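with the sequence up front, the predicted model follows.
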Amino acid sequence: MPYVGFHLYEAEKEKELLQLLPGEEETQEQGNKKYILYNSFGWVIENYEFEEEKRLKALLEEISTIGRKVLADVMHYLGEWYKNRGKSLWCLFMYEKVVSILERLVKKDPTNNDWQRDLGATQQCRRNIRESGRRNKALEYYMRSLK
């Protein structure tokens, strides 16, 4: 079933892929759509370099304008999965989109503690990746200076 998303993406059928976006209700069908989305995006992250892949970035930009918590969850899980797998640029991009979705949701319902918590956690993940990048760059400069 997750191969549907791969094939749609490879065939440049982003509009059809967007029709597979899961809704908020907890049903088996929505769970399947979430699984397809997660695996499809994960496959692209795994197989395409961040700097070269413009289609997924555009798709994620579009998705981030849709205020669905389930979409924020999928992108957050992808960020978590790939953060220690050499895909920090993808992760940072994902977290930026998740923050965008959650900020809009929190603005709509500031009393929702779950959304507030998720927003704070995602902002922390984003900070961690940024800090990690700075440490790696500093180490790289230090190692060069030793030569």
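Happy to help now that I have it. Residues are numbered from 1 along each chain as shown.

any idea how many residues pack against A121?
Residues near A121, counting by other CB atoms under 10 Å, number 13. (Glycine included, C-beta is placed from N, CA and C.)

list the contacts for it?
Taking CB atoms under 8 Å, 6 or more residues apart in numbering, we find A121 in contact with no residue.

helix, strand, or coil at it?
Remark: A121 carries the secondary structure label helix [criterion: DSSP: H, G, I helix; E, B strand; the rest coil].

where does the prediction get shaky in the chain?
1-3, 6, 134-142, 147 (pLDDT under 70).

rerun that using 80 as the cut-off
1-11, 13-26, 63, 66-67, 83-84, 86, 132-147 (pLDDT under 80).

quick one: the helices in it?
3-10, 14-18, 28-47, 54-64, 69-82, 88-108, 113-146 (DSSP state H).

count of neighbours near Y38?
19.

and the one 5 residues further on, by the same measure?
By the criterion of other CB under 10 Å, W43 has 17 neighbours.

again, but for K33
A count of nearby residues for K33, using other CB under 10 Å, gives 21.

again with V74
25.

that one and I36 touch, don't they?
No. Taking contacts as CB atoms under 8 Å, V74 lies outside contact range of I36: 10.0 Å.

any buried residues in stretch 62-74, and which?
I63, S64, G67, V70, L71, A72, D73, V74 (16 or more other CB atoms under 10 Å).

check stretch 40-58 too.
Here stretch 40-58 shows S40, F41, G42, W43, V44, I45, L56 as buried, counting by 16+ other CB under 10 Å.
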